[in-house]
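>>> Provided below for reference: sequence and predicted model.
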Amino acid sequence: MAGDVNTFIEAALGQHYANLTVDGPSTLPQHDLVGEDAFRAAMAALPTGVSVITTSDGDGVWGMTVGSLTSLSLRPPLLLVCLHRGSTTLELLAHQGRFAVSVLAQEQHDIADAFARARTRATAANTLTRTNGLPVIADAVAWFTCQHQHTYTSGDHAIVIGAVDHAEHRPGDPLVRHSSRYRCLQ
Ligand SMILES: Cc1cc2nc3c(=O)[nH]c(=O)nc-3n(C[C@H](O)[C@H](O)[C@H](O)COP(=O)(O)O)c2cc1C
């Protein structure tokens, strides 16, 4: 039964909506919603891993730090990241059609800070390596290469979905972000 439903959804939506940008509802009355500061402060209580999205174009390698990496689906293997709509990386990865995600190790907070600056072009100092033809951060604890599948925009961010064609990890503790600070698991 589930298979039938999936086949139906795929047939109805799959190809047609591939790579389409869809705007979410924009008519919510602002006065019903929580203020930005309260929202930001409460969300900071949620610990997240810290990852870097990378992609390359004719000018070199571009990257961006994200805390929004989430596993979306196992069959097929999909992940998602939420990128702000002004992001250079967002524009680039949709255009290039491929991107990589590196989950940073606990000692890599300098790399997280470097890629949190807008329009960051990676340099040798960011110690890059390559997987599946894409730049990834060397010594990350996990890394994925993805084909760009969909972008859905909602509010001031876009949900980018990638189909994972390579996934690898190594032993080691990840970098964690909590209460606006970098932390270690221990
Ligand atoms: C720990 C951490 C997590 C972040 N997570 C996100 C995120 O999930 N989405 C996002 O849009 N920006 C996030 N940012 C901010 C971006 O890294 C920053 O805006 C960057 O300059 C965007 O680069 P770009 O505009 O060149 O693409 C995060 C920053 C830090 C330090």
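Received, thanks.

>>> my read: residue 135 touches residue 52, true?
No. With contact defined as Cβ atoms under 8 Å, residue 135 does not count as touching residue 52 (9.7 Å). From N, CA and C alone the C-beta is placed, and that goes for glycine too.

>>> look at these two and report which has more neighbours.
Taking other Cβ atoms under 10 Å, residue 135 and residue 52 do not tie; residue 52 has more neighbours (30 against 23).

>>> so for the host helix or strand of the more buried one, mean pLDDT?
In this structure, residue 52 sits in strand 51-57 according to DSSP states H and E. Averaged across strand 51-57, the pLDDT comes to 93.

>>> then stretch 77-85?
Mean pLDDT, computed over stretch 77-85, is 97.

>>> residues in contact with it: which ones?
The contact list for stretch 77-85, computed with Cβ atoms under 8 Å, 6 or more residues apart in numbering, reads 51, 53, 64, 66, 68-72, 89-90, 101, 144, 146, 149, 153, 156-164, 167.

>>> restrict those to those near the ligand?
64, 66, 68, 89 (Cβ under 6 Å from any ligand atom).

>>> quick check: PyMOL command selecting the buried ones in those.
In PyMOL syntax, the buried subset of those is picked out as below (16 or more other Cβ atoms under 10 Å):
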select buried, resi 64+66+68+89
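
>>> next, format the ones next to the ligand among the contacts of stretch 77-85 as JSON lines and append pLDDT and distance to residue 179.
Converted to JSON lines, these look like this (pLDDT from 0 to 100; distance: Cβ to Cβ, whole Å):
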{"residue": "64", "pLDDT": "94", "distance to residue 179": "22"}
{"residue": "66", "pLDDT": "98", "distance to residue 179": "18"}
{"residue": "68", "pLDDT": "98", "distance to residue 179": "17"}
{"residue": "89", "pLDDT": "91", "distance to residue 179": "25"}
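
>>> which residues touch residue 71?
So residue 71 contacts 78, 79 (Cβ under 8 Å, 6+ apart).

>>> quick check, pLDDT for residue 33.
Residue 33 carries a pLDDT value of 93.

>>> count the neighbours of it for me.
Neighbours of residue 33 under the rule other Cβ under 10 Å: 9.
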